[in-house]
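Undergrad: this one's structure only:
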Ligand code: AHR
């Protein structure tokens with residue numbers, strides 16, 4: 001029998017926007033994300049590209065409506081010296097990518113390549129600055145190089161390298177994981193460094209103010225957030241970050257297979273994913289103490305499922321497959337971000353192509369869209385829409401005497417007045433019958449799309465690109481102010497009213 005979940009949708013209580021930037025992505029110099037993912041080289045005649053950037057990837061990301069892209073790391077960012085990646089490619093120095101596989105990095109993809117690619121994608125760049133092994137001068141010069149219009153040493157250098165107009169990059173990270181790969185710093189030490197670096201970052205970007213993002217806490221390190229909020233004045237910091245991965249254990253090879261996971265491993269992954277709600281609530285509560293007006297945003301600039309690498313691939317490359325587990329993980333996480341959209345105003349799924357919970361995988365000239373891609377594409381109707389609060393009394397999904405809410409829901413009203421409701425059932429075997437009370441909404445029409453598959457381990461392969469793909473959904477009925485939805489096991493549905 002179907003389980004029963006009760007939802008109230010408060011269509012008359014919408015106050016806050018779901019920033020499109022909650023749908024952001026991340027591209028690090030890691031494994032095959034940049035090289036052999038986004039960038040296949042200018043001289044590649046087999047894979048259609050513009051200035052070396054794969055056009056199939058660009059098209060797919062544009063369709064998904066990618067709002068921003070974080071680069072060049074991650075851990076790599078705190079080893080990266082941006083001047084290595086400008087000027088004639090043949091003259092660029094080679095470095096070693098010490099965090100990711102110890103491979104040689106020839107710097108053929110640098111600042112111009114990335115920022116021009118963002119223009120091609122129609123997405124806003126988010127540059128992650130080097131604090132761990134860089135200097136204050138180096139970061140302030142990078143800001144001048146990409147953003148300053150008039151005569152200056154760095155804007156002149158940019159022009160010599162072929163770019164006349166500045167790119168006007170608004171989003172800047174000041175270090176990454178400063179508590180770990182970014183320099184193993186204490187929160188106090190980093191807060192001081194942050195103040196020093198951010199002081200010298202020119203605060204105007206065209207007509208707008210620069211947006212500086214402090215390297216944030218890992219998971220439940222509330223003391224980190226507290227120390228930054230207490231010590232850094234609001235005039236120097238526009239946002240503080242948070243990283244949370246859904247991982248079973250950090251030991252090498254001890255995570256779970258990306259495709260051959262057990263029921264228990266599936267449950268634990270979902271437990272980790274849903275923890276995002278509590279983490280955001282508690283970090284926000286700390287921020288509320290120092291910033292009750294919510295001027296400073298919380299930015300989850302790394303999130304997603306992290307599993308063992310695919311057998312036979314370089315452990316330093318973090319290449320993993322992507323199943324329906326990832327689809328429901330993404331849907332449930334985005335529902336959590338929507339709920340907290342007043343404080344959480346940007347998020348970046350790790351990572352866009354060929355790394356961790358990727359939306360795209362490539363192999364030679366082939367490209368596949370993962371189940372996660374489809375969820376982000378289906379959900380993009382929520383971008384910049386007004387969040388409509390929902391209350392959910394969900395049935396439990398139980399395993400070995402443990403339980404999680406089976407259903408998660410979020411809703412929004414877009415600028416044209418259309419209401420979208422996204423629903424996720426994480427239970428791998430039980431369908432859910434959901435009754436939704438529509439408060440303050442007179443709906444006249446109903447359409448929907450669903451992503452589901454018979455098994456939670458189902459995924460797309462280069463041999464079968466469309467095993468998991470969205471379909472029209474006809475499991476919902478509207479009668480007056482009541483909506484009834486039948487959600488199959490492991491499914492993600494987006495309804496339009
Ligand atoms: O996304 C992979 C890595 O995870 C990033 O480089 C780092 O910031 C995090 O630990």
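TA: Cool, got the structure. This is a predicted model, so every value here is computed, not measured. Numbering: from 1, shown residues only.

Undergrad: every contact and neighbour count from this point should use C-alpha atoms.
TA: Fine.

Undergrad: close to the ligand: what parts of this protein are there?
TA: Listed as neighbours of the ligand in the chain under the rule CA under 6 Å from any ligand atom: 73-75, 176-177, 350.

Undergrad: neighbours of residue 357, how many?
TA: Neighbourhood size, residue 357 [other CA atoms under 10 Å]: 33.

Undergrad: what sits against it?
TA: Residue 357 is in contact with 304-306, 320-322, 326, 349-351, 372, counting by CA atoms under 8 Å, 6 or more residues apart in numbering.

Undergrad: which element is residue 270 on?
TA: Counting by DSSP states H and E, the element that carries residue 270 is helix 263-290.

Undergrad: do the same with residue 59
TA: Secondary structure from DSSP H and E places residue 59 in helix 55-64.

Undergrad: and that helix, what does it pack against?
TA: With contacts taken as 3 or more CA pairs under 8 Å, 6 or more residues apart in numbering; DSSP states H and E, helix 55-64 sits against helix 111-121, helix 371-379.

Undergrad: per-residue confidence averaged over the shortest one?
TA: Helix 371-379 shows a mean pLDDT of 98 in the predicted model.

Undergrad: for the ligand, state which of the contacts of residue 357 is nearest.
TA: residue 350 (5.4 Å; CA to the nearest ligand atom).

Undergrad: just the pLDDT at the nearest residue to residue 120 once chain neighbours are set aside, thanks.
TA: Once flanking residues are discounted, residue 120 sits nearest to residue 58: 7.4 Å by CA to CA, 6 or more residues apart in numbering. Reported pLDDT at residue 58 in the predicted model: 98.

Undergrad: same check, this time on residue 253
TA: 80.

Undergrad: repeat that for residue 153.
TA: Note on residue 153: pLDDT of 97.

Undergrad: now residue 207
TA: You'll see residue 207 listed with a pLDDT of 83.

Undergrad: out of the helices and strands packed on helix 55-64, which is the most enclosed?
TA: Among the helices and strands packed on helix 55-64, helix 371-379 has the highest mean neighbour count (mean count of other CA atoms under 10 Å), at a mean of 25.

Undergrad: what about residue 315, how many residues close to it?
TA: Residue 315, neighbours per other CA under 10 Å, totals 16.

Undergrad: tell me where the stretch 51-200 of the chain has helices.
TA: With helices called from DSSP state H, counting those that start in this stretch, the stretch 51-200 of the chain shows them at 55-64, 111-121, 136-147, 153-160, 187-199.

Undergrad: and among those helices, the most buried is which?
TA: Mean neighbours per residue, mean count of other CA under 10 Å, is largest over these for helix 136-147, with a mean of 20.

Undergrad: quick one: it to helix 111-121, angle?
TA: Per axes from the mean of the first three to the mean of the last three CA atoms, to 10 degrees, the angle that helix 136-147 makes with helix 111-121 is 40 degrees.

Undergrad: okay, the angle between helix 136-147 and helix 153-160?
TA: 50 degrees.

Undergrad: residues touching helix 136-147, excluding its own?
TA: Here helix 136-147 makes contact (CA under 8 Å, 6+ apart) with 81-82, 129-131, 154-155, 157-158, 166-169, 196-197, 200-202, 205-206.

Undergrad: run the last query once more with 7 Å
TA: Under the criterion CA atoms under 7 Å, 6 or more residues apart in numbering, residues 129-130, 154-155, 158, 166-169, 197, 200-202, 205 lie in contact with helix 136-147.

Undergrad: just stretch 212-223 next, same as before
TA: 171-178, 224-225, 237-244, 279, 283.

Undergrad: that older thread, okay, and which of the contacts of residue 357 map to strands?
TA: Within those, residues falling in strands by DSSP state E are 304-305, 349-350.

Undergrad: could you work out the most separated pair of these?
TA: The distance between the two most remote of those (CA to CA) is 9.4 Å, for 305 and 349.

Undergrad: what's the local residue count around the residue in the stretch 51-200 of the chain that the ligand sits nearest to?
TA: Proximity of the stretch 51-200 of the chain to the ligand (CA to the nearest ligand atom) peaks at residue 74, 3.2 Å away. Residues lying near residue 74 (other CA under 10 Å) number 25.

Undergrad: immediately after the lowest-mean-pLDDT helix or strand in the chain, which helix or strand?
TA: Ranked by mean pLDDT, DSSP states H and E, the weakest helix or strand in the chain is strand 204-205, scoring a mean of 85. As assigned by DSSP H and E, the chain's next helix or strand after strand 204-205 is strand 208-209.

Undergrad: can you list the strands that that next one pairs with?
TA: strand 204-205 (antiparallel) (DSSP bridges).

Undergrad: bridging residues for residue 8?
TA: residue 391, residue 437.

Undergrad: ok, now which ones touch it?
TA: Residues counted as contacts of residue 8 (CA under 7 Å, 6+ apart) are 390-392, 436-438.

Undergrad: which pair of these spans the longest distance?
TA: 392 and 438 (12.6 Å).

Undergrad: buried set for stretch 165-182?
TA: Across stretch 165-182, burial judged by 16 or more other CA atoms under 10 Å covers 166-179, 181-182.

Undergrad: can you check stretch 217-231 too?
TA: For stretch 217-231, a neighbour-count test (16+ other CA under 10 Å) marks 217-220, 222, 224-230 as buried.
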